[in-house]
Each structure stands twice: as structure tokens, then as C-alpha cells.
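**Q** how does the following fold in three dimensions:
(2 chains, ligands or ions: 1)
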Amino acid sequence: MWTLGDKYAIAGVGFTDYSKRSGRTVQSLAVEACGKAAADAGLAIADVDGIISFHFNDSVPAMSVATGLGLPNARYAIDYQSGGNSANLIIQTAVAAIEAGMATSVLCYRAMNGRSGFRLGGGRELAAHGITQYTAPFGWITYPQAMAMWCRRHMIEYGTTSEQLGTVAVTCRRNAALNERAMQREPITLEDHQNSRMIVEPFHLLDICLESDGACAVLVTSAERARDLRHRPVYIKGAAYGGGPVQGDDLFDAMRWPDHSRNYAHYIADDLWRSAGVGPADIDVAEIYDCFTYSVVMQLEGLGFCKPGEGGDFVQDGRIDRDGALPINTHGGLLSEAYIHGLNHVVEAVEQLRGDAGERQIPGAEIALTTAGAMTCGGAMVLRN
Amino acid sequence: MTAYQKPVPAPDADSAPFWRGCREHRLLLQQCKGCGKFRFPAAQFCPACRSDAAEWLEASGRGTVYSWIVVVHPVPGDIYRDDVPYAVALVDLEEGVRMPTNIIGCDPRYIRAGMAVTVTFDDVSAELTLPKFRPA
Ligand SMILES: [Zn+2]
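**A** Here you go, the predicted model:
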């Protein structure tokens, strides 16, 4: 369990434009976002000595970005081969590296041309190796198709409806309207959600996140060092990562997962709240990994904001609106801001806790939750100002 | 005859007997000689007891639908355009394992959780047979 509560902080954030066609290399996107995060922290590039990222071979390695940034001494430069499940884990790992004395200030980034370059949902090669030999030959190929299987099971167990899920999409879009960097800002209604074309039952188009070109980054350092930097530090109060047994052979694979009506969040909740010393009722703003509308509902249940099966009801009646009891995805999320694989949720939480979120600001936000993951594994953090 | 243009399994040292069984229209599963559990997908070591002693046995082919999806938007489009809408399901077999498959022989609108299904072998090409399921 995370035992470093409040000893480390996020001292800076950076991001590029988010678009459908950057016209740029992924390396240039990464270098821009990382350079901006260091500058935002008020830290000279020469003082950054660690860099970490995660990707599916759709990005550039950390060593390349270290080189592009001109880091004089990258003591810790590492990549995780993984998906959104690692968007919080890379930050936790950066802290571990600093705690171990391997580095002092670490840039954590995600960069990709996810629309104009390598598209995650785009299919696979015809020879299906490894675990994929049991899925792709049946035309079960994309992440929306993988996740729809979980969503359906939740509907089977609890009677969750597509209309209930639509509220998540509508809420994210309403928040994105206030966010100048969001890719989709045009408001939508529940009818728009229901009328959007069916992609893979039970998912309509508006249940599914965007595909984006762009990068974002955060600068992690010790709380002590962060206090001497430019902004009020955002402390990492609690954190957890995991997913219980049979996490599968890859991120798509969940054929041995015991219960598809609940995901990784169920397994990390105790670690998360115990490490943070707070509970769901203490969260002022929650940036929840929303690759699909349904993943929000499942994480809210798993983390104990409501009971299993009550998530569909929980997100109704304005409860997750910006003026509701639990404002979620105040930037618009993966559904409406951009798909920067969940690291953009951390950027948003930091801005909220610094009071820098402009029109999106949740008044008096002091404790934020970020999550990253949707299926068998993932992580979460409790941040505070 | 045009070549089969969809994803095909690449059998490996663990899975080759499973796919060979499908070719013979037999649904084979490994049963652990250490703990008696059936396992799927194929693996050299039993995830329950780590024993590598196992026997390939023919499954009953009977199961129930655990969950399912209906693919409406084909991806990749050129490969699945003529197949949509099609159903992919996770089927719980009587032997206690869960298997991804297609539900065929039934309008996808009529698929329900818990529906009883039985294996049916689809010889999709001269080399490949896929184990699909239809309502029992
Ligand atoms: Zn065994």
C-alpha cells in the first residue's frame, strides 16, 4: 500500500493542442508538453532528471523525449507498455524512483497521434497470436467491442440502461463547453445520445471516447522541493494500483475475469482510501477514466461512491454535475476533452486544486480523485492542495 | 475460391491441440491431472495448482450465454462489412470455463443471458474451423 502520503507533489502541468490531425511528430508533441510542464513548475530543464511514459508502441520512448528536451542527465527514463490503466501508475512509479534516490524531478507524459496516426480501435493483423487467437477470429477486435461485453453484463446483473449511461456523456459534454482545449464543445442532449448510431450493442457512438492527437505531461517532485517552486503544490495524498486475480494476458483479455459487472476499481478501493485517510464523501471533484460512459458507472461503484448496481441511478439528477454532490470530469473527460489516455484527467485535477481552472473551476476544491483504467487493472490517486 | 481474409488463429505449442480438435469437430479442453480443473485458454501450467500434467478431453459442447455484444459498425470495415450485425458472446461451458465465440443460427435480438447454447463447428476455410454456438 502507498505509504508516502503528502510527501510528493505534482508541481507543474503542460499540454499541447488537442486535435484530430496535429500535422506534427509524436516526439514534438511530447517535447512541447514536457517542456511546458517543467516551465509551469518553474523548474529549469537541467533540474529534471527523470522521465516516464506509457504507450502501445504508438508513441516515442522516454529516452527520445529526454534527448529532445536536452535533459543533461536522465537518471530514470522508462516506458510502460500499457494503456490507460497506467496513467496514474506512472506518477506513482515516478515517486517511487525519487524515494529510492534514482531521480529528483520526473516528467510523466503521454503523447500520441491517436487519430491521424496509430488508431487504437483500428483492428489488428490477420494472424492472431497469443491470447488474441481466441478473440479476433470471432470478429472481437476493438476496445469498444471488449468493453461492451462488460457493460452488457452490468445491464444483465442490475438492469442498468443505455439512457442512464447517456447522462455521463451529456455531463462530460456540458463540462467541455467551458473548456477551451476540449475537442468537442457542442452541447448534446440525452436524445442525441440515444439517437447516435449504434456501434456495438450496447454502445452508441456517444458512449465512446474521442480519438486524439496531442500530449500532456506533469512534473513530479518531492513536497519539499515543490514548496519552493512556482505554484502551490498539489500533494499526492493516497494512491493505489491493481486489479485482483486473473488480470488477463493483455489489456483486451478478460475471458477468465470472474465478474464482468465490476472492474479493477473494486479491488483497489481499500488500498486507495486507507492510504489517503479519506473516503468517497471527502472528494470535492473526481476525474474518472471515461473511455466509455459505462466505465464511469463501474468505477463509482467499485470505489464505494455507491453500492454495486446503483451506479446507473447515482449519475442521475445532477449528482455528477459541476454544481452537484460529486462533480466529475470537469474538463470533459476522454469523452469530450480529448483522449490523452487519462493523463489529461490528472492535469485537470491539478488545475482544479490550484484554483487555475478558470470557468471550469469548482469553488473551494481541496481534494480530488483521479482514476485510470476500465477493465481488469488500473490505478487511482487522491490529490489535495 | 478467394482466400479467407479474416483474422485466423496462429496455433502455438499450447493451443495446437485445441485448434486441431476444432478441425475434427471436437471441442477439446485441458483437464489438470493435479487438481482436476478444466482450463481455457490452453496453457502448459495449471493456473490453479501449477501442475503441467494435463489431458485433452472432449467437452460436452453445452453452455449458457454469460454476456454478449452485437457488432453493428464493422471494424476493419473491409473485412466485416458483409457480416454485421453479428453477435460475439462469452459462453460458460458445463466444464466450468468461459469461452469467446459467435452465436449463430439466431437473430441477435433474441440472445439472452443464461440462454442455453450448444457448439457448432464452422469450417470457415479449408484449413480453419471455428467453434461457434447456436441456441440449444
Ligand atoms: Zn491444477
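**Q** which bits of the stretch 251-385 of chain A sit near chain B?
**A** Neighbours of chain B within the stretch 251-385 of chain A, by CB under 8 Å from any CB of the partner chain: A:M255, A:R256, A:H260. From N, CA and C alone the C-beta is placed, and that goes for glycine too.
**Q** so which of those residues is the most crowded?
**A** Counting neighbours by other CB atoms under 10 Å in any protein chain shown, the top entry in those is A:H260, with 24 neighbours.
**Q** now A:D207: closest residue in space that isn't a chain neighbour?
**A** Residue nearest to A:D207 in three dimensions, not counting chain neighbours: A:T293, with 4.5 Å by CB to CB, 6 or more residues apart in numbering or on different chains.
**Q** quick one: mean pLDDT for stretch A:41-59?
**A** Average pLDDT, stretch A:41-59: 95.
**Q** who's in contact with residue 64?
**A** In the absence of a named chain, this looks at chain A. A:Q27, A:A30 (CB atoms under 8 Å, 6 or more residues apart in numbering or on different chains).
**Q** I was thinking of chain B, sorry if that wasn't clear
**A** By CB under 8 Å, 6+ apart, the contact set of B:T64 is B:V91, B:D92, B:G114, B:M115, B:A116, B:V117.
**Q** give me phi/psi at it?
**A** phi -130, psi 150 (degrees, to the nearest 10).
**Q** the ion contacts on chain B?
**A** B:C32, B:G34, B:C35, B:C46, B:A48, B:C49, B:S51 (CB under 5 Å from the ion).
**Q** in strands, which of those fall?
**A** By the criterion of DSSP state E, membership of those in strands covers B:C32.
**Q** inside helices: which ones of the residues of chain B next to the ion?
**A** If you go by DSSP state H, those have nothing in helices.
**Q** tabulate the residues of chain B next to the ion (JSON lines), appending distance to chain A, pLDDT and neighbour count.
**A** As requested, these are exported to JSON lines (distance: CB to the nearest CB, whole Å; pLDDT from 0 to 100; neighbours: other CB atoms under 10 Å in any protein chain shown):
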{"residue": "B:C32", "distance to chain A": "14", "pLDDT": "98", "neighbour count": "21"}
{"residue": "B:G34", "distance to chain A": "18", "pLDDT": "96", "neighbour count": "14"}
{"residue": "B:C35", "distance to chain A": "16", "pLDDT": "97", "neighbour count": "12"}
{"residue": "B:C46", "distance to chain A": "13", "pLDDT": "97", "neighbour count": "21"}
{"residue": "B:A48", "distance to chain A": "11", "pLDDT": "94", "neighbour count": "12"}
{"residue": "B:C49", "distance to chain A": "14", "pLDDT": "97", "neighbour count": "14"}
{"residue": "B:S51", "distance to chain A": "17", "pLDDT": "97", "neighbour count": "14"}
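**Q** sorry, back to before: drop anything exposed from the contacts of B:T64.
**A** Buried by 16 or more other CB atoms under 10 Å in any protein chain shown: B:V91, B:D92, B:M115, B:V117, out of the contacts of B:T64.
**Q** which of the helices or strands spans the last one?
**A** B:V117 belongs to strand B:116-123 when assigned by DSSP states H and E.
**Q** same question for the second one.
**A** Assignment of secondary structure by DSSP H and E places B:D92 within strand B:86-93.
**Q** after that strand, which helix or strand is next?
**A** Next element after strand B:86-93 (DSSP H and E): strand B:98-103.
**Q** distance from the chain centre to that following strand, please.
**A** 5 Å (CA atoms, centre = their mean, to the nearest Å).
**Q** by contact count, what packs against that strand?
**A** strand B:62-71, strand B:86-93, strand B:129-135 (3 or more CB pairs under 8 Å, 6 or more residues apart in numbering or on different chains; DSSP states H and E).
**Q** the closest residue to B:V70 other than its chain neighbours: neighbour count?
**A** Closest residue in space to B:V70, ignoring its immediate chain neighbours: A:E201 at 3.9 Å, by CB to CB, 6+ apart. By the criterion of other CB under 10 Å, A:E201 has 20 neighbours.
**Q** pretty sure A:E201 is in contact with A:M149, am I right?
**A** No: with contact defined as CB atoms under 8 Å, A:E201 does not reach A:M149; the gap is 10.6 Å.
**Q** which residues are common contacts for these two?
**A** Jointly contacting A:E201 and A:M149 under the rule CB under 8 Å, 6+ apart are B:I69.
**Q** how far away is the closest residue in space to A:A286 that isn't next to it in sequence from chain B?
**A** Of all residues not flanking A:A286 in the chain, A:L369 sits nearest, at 4.3 Å (CB to CB, 6+ apart). In this view, A:L369 and chain B are 28 Å apart by CB to the nearest CB, to the nearest Å.
**Q** can you list contacts of the host helix or strand of A:L369?
**A** Following DSSP H and E, one finds A:L369 within strand A:367-373. With contact meaning CB under 8 Å, 6+ apart, strand A:367-373 is reached by A:84-89, A:237, A:243, A:263-265, A:278, A:282-289, A:299, A:303, A:342-343, A:345-346, A:349, A:352-353, A:378-384.
**Q** contacting residues around the residue lying closest to A:V246 once chain neighbours are set aside?
**A** Using CB to CB, 6+ apart and skipping the chain neighbours, the partner closest in space to A:V246 is A:R256 (4.3 Å). When contacts are counted by CB under 8 Å, 6+ apart, A:R256 touches A:V246, A:G248, B:P47, B:R98.
**Q** how many residues are close by the closest residue to the third one other than its chain neighbours?
**A** Meaning B:P47. Excluding the flanking residues, the one nearest B:P47 by CB to CB, 6+ apart is B:R39, at 6.6 Å. B:R39 sits with 20 neighbouring residues when counted by other CB under 10 Å.
**Q** for B:R39, give its distance to A:A128.
**A** 20 Å (CB to CB, to the nearest Å).
**Q** for A:R75, same thing?
**A** Taking CB to CB, one finds A:R75 at 40 Å from A:A128.
**Q** these two: who's more crowded?
**A** Comparing A:R75 with A:A128 by other CB under 10 Å, the one with more neighbours is A:A128, at 20 against 14.
**Q** hmm, that one is touching B:D12, no?
**A** No: checked against CB under 8 Å, the pair A:A128 and B:D12 is beyond contact range at 10.9 Å.
**Q** now do the helices in the stretch 251-385 of chain A.
**A** For the stretch 251-385 of chain A, the helices defined by DSSP state H, counting those that start in this stretch occupy A:264-276, A:293-302, A:311-314, A:333-336, A:343-354.
**Q** so the residue nearest to B:P47 touches B:F45, yeah?
**A** No: with contact defined as CB under 8 Å, B:R39 does not count as touching B:F45 (9.4 Å).
**Q** pretty sure B:H73 sits against A:V200.
**A** Yes: counting by CB under 8 Å, A:V200 is a contact partner of B:H73 at 6.6 Å.
**Q** between those two, which is the more surrounded one?
**A** Higher neighbour count among B:H73 and A:V200: A:V200, with 28 against 19, using other CB under 10 Å.
**Q** how would you label that one: helix, strand or coil?
**A** strand (DSSP: H, G, I helix; E, B strand; the rest coil).
**Q** partner residues bridging it?
**A** Note on A:V200: beta-bridge partners A:F203, B:V71, judged by DSSP bridges.
**Q** isn't it up against A:M149?
**A** No: taking contacts as CB under 8 Å, A:V200 lies outside contact range of A:M149: 9.3 Å.
**Q** for B:P135, what are its contacts?
**A** Contacts for B:P135 (CB under 8 Å, 6+ apart) come out as B:I103, B:G105, B:C106, B:Y110, B:M115, B:A116, B:V117, B:T118.
**Q** biggest separation within those residues, which pair?
**A** B:Y110 and B:T118 (15.6 Å; CB to CB).
**Q** if we ignore the residues flanking it in sequence, what's nearest B:A136?
**A** Excluding the flanking residues, the one nearest B:A136 by CB to CB, 6+ apart is B:A116, at 4.0 Å.
**Q** and for A:W150?
**A** Here the residue nearest A:W150, using CB to CB, 6+ apart, is A:H260, at 4.6 Å.
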